[in-house]
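Visitor: Whatever this is, show me its structure:
(chains A and B)
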Amino acid sequence: NAGVTQTPKFQVLKTGQSMTLQCAQDMNHNSMYWYRQDPGMGLRLIYYSASEGTTDKGEVPNGYNVSRLNKREFSLRLESAAPSQTSVYFCASRSGYNTEAFFGQGTRLTVV
Amino acid sequence: AQTVTQSQPEMSVQEAETVTLSCTYDTSENNYYLFWYKQPPSRQMILVIRQEAYKQQNATENRFSVNFQKAAKSFSLKISDSQLGDTAMYFCALDSNYQLIWGAGTKLIIKP
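Guide: Numbers count the residues shown, from 1 in each chain, chains lettered A, B, ... in the order given. Model (predicted):
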């Protein structure tokens, strides 16, 4: 049972480069999320998709875009990476409100 | 705005001791869910325990229990008979519709 799979696990980008983080879940969950985790700040929501076909901004959406490709997949795109986007990124999914969220292993992104 | 505050950035206790992690929150909703997640050094996020605001009885899961004080908006986690494997970051989260609002986390170190 794979759960939530994120790729890649590590990435180094130069300022201005673009990249897409991929996330897929095999639990038939409706809701999917992208978070960033920085030291001392917990998890901050970038974007979420409450259900297939919908996406909404979270707390820190600037500099990011998302696509809910289908029920399984939710990708995060950095169009022009900046050093401030150096962080660990987590994808998560869950069935809906009040249910357990399942997380991917995270992507450590460094922008130089 | 809904917020979650964890006032203890770091705690350490001896193995087998009991430790309590604090969490306070703010919400205008009447029914909601609260969660505690742990993040060991592997970075994997793991659900520890869940509490529904409508339930007066405090949730317990083996060595983990909560002290839920709805009027005070407090949701502390007690770990009994602490083990070395409990060493991790612990995050408190408030479920608000489709979003989870996270605290900044408490780093818990269990010393042998």
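Visitor: Any buried residues in stretch A:93-100, and which?
Guide: A:Ser93, A:Arg94, A:Thr99 (16 or more other C-beta atoms under 10 Å in any protein chain shown). Heads up, the C-betas are built off the backbone N, CA and C, glycines and all.
Visitor: Centre of the chain to the biggest strand by length in chain B, how far?
Guide: Counting by DSSP state E, the longest strand found in chain B is strand B:88-96. In terms of C-alpha atoms, centre = their mean, to the nearest Å, the centre of strand B:88-96 is set 6 Å apart from its chain centre.
Visitor: Quickly run through the sheet partners of that strand, with directions.
Guide: strand B:33-39 (antiparallel), strand B:99-102 (antiparallel), strand B:106-111 (antiparallel) (DSSP bridges).
Visitor: In chain A, which residue is most central in space?
Guide: By C-alpha atoms, centre = their mean, chain A has its centre lying nearest to A:Trp34, at 2.9 Å.
Visitor: Beta-bridge partners for it, please?
Guide: Beta-bridge pairing for A:Trp34 (DSSP bridges): A:Tyr47, A:Cys91.
Visitor: How about the residues of chain A by chain B?
Guide: Contact residues, chain A versus chain B (C-beta under 8 Å from any C-beta of the partner chain): A:31, A:33, A:40-45, A:48, A:50, A:56, A:58, A:88, A:90, A:92, A:96-98, A:100-101, A:103, A:105-106.
Visitor: Give me the subset of these lying in strands.
Guide: Per DSSP E, the residues of chain A next to chain B map to strands at A:Ser31, A:Tyr33, A:Leu43, A:Arg44, A:Leu45, A:Tyr48, A:Asp56, A:Val88, A:Phe90, A:Ala92, A:Phe103.
Visitor: What's the local residue count around residue 105?
Guide: With no chain named, the answer covers chain A. 17 (other C-beta atoms under 10 Å in any protein chain shown).
Visitor: I was after chain B.
Guide: 25.
Visitor: Chain B: strands as residue ranges?
Guide: B:3-5, B:10-14, B:19-21, B:24-26, B:33-39, B:46-52, B:60-61, B:64-69, B:74-79, B:88-96, B:99-102, B:106-111.
Visitor: For A:Pro8, which of these is the nearest?
Guide: Ranking the strands of chain B by distance to A:Pro8, with C-beta to C-beta as the measure, places strand B:33-39 first at 19.9 Å.
Visitor: angle of the closest one against strand B:64-69?
Guide: 140 degrees (axes from the mean of the first three to the mean of the last three C-alpha atoms, to 10 degrees).
Visitor: before we move on, the earlier item: let's have the strands of chain B in JSON lines, adding mean pLDDT and mean neighbour count.
Guide: As requested, these are exported to JSON lines (pLDDT from 0 to 100; neighbours: other C-beta atoms under 10 Å in any protein chain shown):
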{"stretch": "strand B:3-5", "mean pLDDT": "94", "mean neighbour count": "16"}
{"stretch": "strand B:10-14", "mean pLDDT": "97", "mean neighbour count": "13"}
{"stretch": "strand B:19-21", "mean pLDDT": "98", "mean neighbour count": "19"}
{"stretch": "strand B:24-26", "mean pLDDT": "96", "mean neighbour count": "16"}
{"stretch": "strand B:33-39", "mean pLDDT": "96", "mean neighbour count": "23"}
{"stretch": "strand B:46-52", "mean pLDDT": "95", "mean neighbour count": "18"}
{"stretch": "strand B:60-61", "mean pLDDT": "91", "mean neighbour count": "12"}
{"stretch": "strand B:64-69", "mean pLDDT": "96", "mean neighbour count": "18"}
{"stretch": "strand B:74-79", "mean pLDDT": "97", "mean neighbour count": "20"}
{"stretch": "strand B:88-96", "mean pLDDT": "94", "mean neighbour count": "23"}
{"stretch": "strand B:99-102", "mean pLDDT": "89", "mean neighbour count": "22"}
{"stretch": "strand B:106-111", "mean pLDDT": "97", "mean neighbour count": "17"}
